[in-house]
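A.B. asks: All I have is the shape, not the residue letters:
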Ligand SMILES: Nc1nc2c(ncn2[C@@H]2O[C@H](COP(=O)(O)OP(=O)(O)O)[C@@H](O)[C@H]2O)c(=O)[nH]1
Ligand SMILES: Nc1nc2c(ncn2[C@@H]2O[C@H](COP(=O)(O)OP(=O)(O)O)[C@@H](O)[C@H]2O)c(=O)[nH]1
């Protein structure tokens, strides 16, 4: 440990981070993919396979849920950090699907922290049962979880009945015992829950050997890479407004998808966090229930939904759509401290005559001086908009910022001005090439 | 929001942070108290009233569990951040005890985030029941929790059945409904649990009005203070090795007491985190079960326990004692990125002939290159020590580093050298004055 400890104190290498700035599905995958070309390590720090990134390379569309996008780049290592929760059967399924699409060389490049907590099938069943329960109760609604067991697993982690990958690696009897206690607890709480403990334990015996070659102690792994000067990228899953602390609780996911999750989920101190890129969709979308002040429920909402293909990748659920929301972005920018932004799906606005931007939340005639923290604080909130003229032409083929229609440039500049943060990229289509870089921004 | 948003982007003000570098009880309270003299805001970011700081001012010993230490300084605001969990009855009890000791002026200076999660009495009962359950099972031990309901409350938070202060403030019917659903859930899981729901709801009606004047939206509150140039200190509760992610799970507390908790528990981005001070006891202690490689079970252990008064403040439980552990400190330093350290309780070593420092963990004859992540990885680990001569004289009255006995200075320098981090303070007694400052370190 001594050499690393000493090295670590000396170097000034920092990680770069990509975070969702709204309610998810901003197109983080594409930016991560772009940046990964120059990276040597790409990490996930929180969440589980409830996230979904689509990365299009040539004629192949890779689908990542738990795998870091870096995995498709030869020469790039991928790390699943301690803050992630992992469903091993789902993990191997995803791996195999992508292998079938051509993924190779992952054996030596994919690393998983032994501190990650395991998602068991029963966590997933409990997730579903909790949702049904919510639906059945008065004055409460479902949260719209993906039923991947993420919430229950983080709850087990907090109860300190959670089972970590290290438990599976180190002592199988102890693993079985921990698994069994946890399963028993859940069966008491959810009498309808059926768990074949013996069969599960047997299955995990096999999974243990399958996963073993990838397991690392990730804090020293990552700090060693940083000390060696390797370029490291962290890809956030989910998004700031789904953060367990800062999102619109309870309509959130059960991890910190804001910047703090990078520190807690990888063991990197703040002084080693460098660029923080916020990914902003050119309008706003949200899946499932919860407040959404700039939501468009009529014609334009339906237009954005259709034009932007705003349907969940896994579930097919339509996403709610609305105008860009500056108060929301100001809030997530306070929390995350973005050093630059990427505007995605700008092309989806191509056909609109006018584009609005929500610039203030107003209540009883007064602009709110902070973002609402509770659901009820959204009641009576009205959004003050500014209206920008549309550009009424396809920008899909544009590759230089100066070549964008004046009105599209104005839209970008207005957002920069309202947020005081440079817009380094402008997305004009789903392909890797369809991302205009503004190197000076 | 606009003015703050713009200001925020411009300023370079950063928060300072004090963190426990071992397993807690390092004496963070004293350093926080010292630093607070020059602070305008002192914040808590995680944990609950499971923490315990003793601050001695003149002939008064203040006891803080949930209150930030800053509260005793007039002219200093105190913030309980969103990452904290709060038991309101316990909070008011603690407040009143300290008022009886002379605390005043807190009414205008104490602020609480409306995003904090509420700890209910039943969370505390469940905490106790979970511990008893663990004791009753084969191959598992109790965790040694303080039974303050901290773990179950963070679990509720993750399950998104948690109730936040905002719920209590905004709509009492909704609060009652949420309380009731949560209580019902726990009663199913713990059939022995008795909850008088109507009485509790009635009690919280009163508590709501009592707490209301202190409740703030803490992200905008804190960012505004930072933008105004106010000096902000964050006091960590618990310690790095009790961190839910990086500690010796499951013998940990249910929050991130490493540096990431500052970001997730206050909404401060890494770029606004400045000095990070690690508090290191001159030897090692640990409360409750869990691995402890440098533990001294015989004579010297008993000496340290007695001389250092190593008994829990609340519970009276004796703390396990051992030599200073460098591999542990290197690990928490990787995670936390200390910019400087404070060595406390150096005076407790006054009478020893020799003092050892654990410098390496060795297994099968080889030094480990990373800190063990799972409990079983500690098996077969032996500690390699170096031995330093003691100073055999009281240092309690020393106020300048140069006036310390040579061997005490050597002990400090050796630790600095082993960790590569400057030791800015050396504690030689419990009083505020008994902290040697080394301004150049
Ligand atoms: N039209 C268009 N589609 C984009 C753009 N950027 C990303 N996408 C697509 O938008 C979808 C959303 O991305 P997704 O991977 O679900 O979001 P993530 O979870 O934030 O990575 C994907 O199908 C992307 O290919 C863009 O600039 N224009
Ligand atoms: N003898 C001695 N006692 C100290 C020193 N620093 C702190 N203490 C005492 O050690 C105890 C531990 O501090 P405590 O508040 O429980 O730890 P915290 O939770 O880390 O703040 C308190 O009673 C302090 O007054 C020191 O340098 N020497």
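C.D. replies: Great, that's in hand. Values in this document were obtained by computation on a predicted structure and should not be read as measured data. Numbering: from 1, shown residues only, chains lettered A, B, ... in the order given. Ligands and ions are numbered 1, 2, ... in the order given.
A.B. asks: most centrally placed residue in chain A?
C.D. replies: Nearest to the geometric centre of chain A sits residue A:237, at 1.5 Å (C-alpha atoms, centre = their mean).
A.B. asks: What sits closest to it if chain neighbours are left out?
C.D. replies: Of all residues not flanking residue A:237 in the chain, residue A:51 sits nearest, at 3.4 Å (C-beta to C-beta, 6 or more residues apart in numbering or on different chains). The way it works is simple: take the backbone N, C-alpha and C, and place the C-beta from them, glycine included.
A.B. asks: on that earlier part again, please tell me I have it right and the residue nearest to the centre of chain A contacts residue A:44.
C.D. replies: Yes. Checked against C-beta atoms under 8 Å, the pair residue A:237 and residue A:44 is within contact range at 6.4 Å.
A.B. asks: near ligand 1, which residues of chain A show up?
C.D. replies: Chain A comes close to ligand 1 at residues A:20, A:25-30, A:52-54, A:56, A:313, A:344-345, A:347-348, A:427-430, A:434, as judged by C-beta under 6 Å from any ligand atom.
A.B. asks: Go again with 8 Å.
C.D. replies: Proximity of chain A to ligand 1, by C-beta under 8 Å from any ligand atom, involves residues A:20, A:24-30, A:32, A:51-56, A:61, A:237, A:239, A:279, A:282, A:308-309, A:313, A:344-348, A:396, A:426-431, A:434-435.
A.B. asks: What about those residues, which are in strands?
C.D. replies: Of the positions in these, A:20, A:53, A:54, A:55, A:56, A:61, A:279, A:344, A:426, A:427, A:435 sit in strands, assigned by DSSP state E.
A.B. asks: For the fourth one, list each beta-bridge partner.
C.D. replies: Listed by DSSP bridges, the beta-bridge partners for residue A:55 are residue A:62.
A.B. asks: which residues touch it?
C.D. replies: The neighbours of residue A:55, taking C-beta atoms under 8 Å, 6 or more residues apart in numbering or on different chains as the test, are A:29, A:30, A:32, A:33, A:61, A:62, A:64, A:69, A:72.
A.B. asks: roughly how far apart are the residue nearest to the centre of chain A and residue B:288?
C.D. replies: 34 Å (C-beta to C-beta, to the nearest Å).
A.B. asks: Same check on residue A:250?
C.D. replies: Distance, residue A:250 to residue B:288, using C-beta to C-beta: 32 Å.
A.B. asks: and those two? which has more neighbours close in?
C.D. replies: Between residue A:250 and residue B:288, counting by other C-beta atoms under 10 Å in any protein chain shown, residue A:250 is the more crowded of the two (24 against 19).
A.B. asks: Correct me if wrong: that one contacts residue B:162.
C.D. replies: Yes. Counting by C-beta under 8 Å, residue B:162 is a contact partner of residue A:250 at 7.5 Å.
A.B. asks: Look at residue A:5 and report its pLDDT.
C.D. replies: pLDDT recorded at residue A:5 is 42.
A.B. asks: meant to ask about residue A:314, not that
C.D. replies: On pLDDT, residue A:314 comes in at 65.
A.B. asks: Could you do residue A:310 as well?
C.D. replies: pLDDT for residue A:310: 93.
A.B. asks: residues in contact with the closest residue to ligand 2 within chain A?
C.D. replies: Nearest residue of chain A to ligand 2, counting by C-beta to the nearest ligand atom: residue A:269, 19.9 Å away. Residues near residue A:269 by C-beta under 8 Å, 6+ apart: A:263, B:259, B:276, B:334, B:335, B:336, B:337.
A.B. asks: Show me the residues you listed that map onto helices.
C.D. replies: In this view, the contacts of residue A:269 that belong to helices under DSSP state H are A:263, B:334, B:335, B:336.
A.B. asks: burial of the residue lying closest to residue A:402 once chain neighbours are set aside, as a residue count?
C.D. replies: Spatial nearest neighbour of residue A:402, excluding adjacent residues (C-beta to C-beta, 6+ apart): residue A:409 at 8.0 Å. Using other C-beta under 10 Å, residue A:409 has 15 neighbouring residues.
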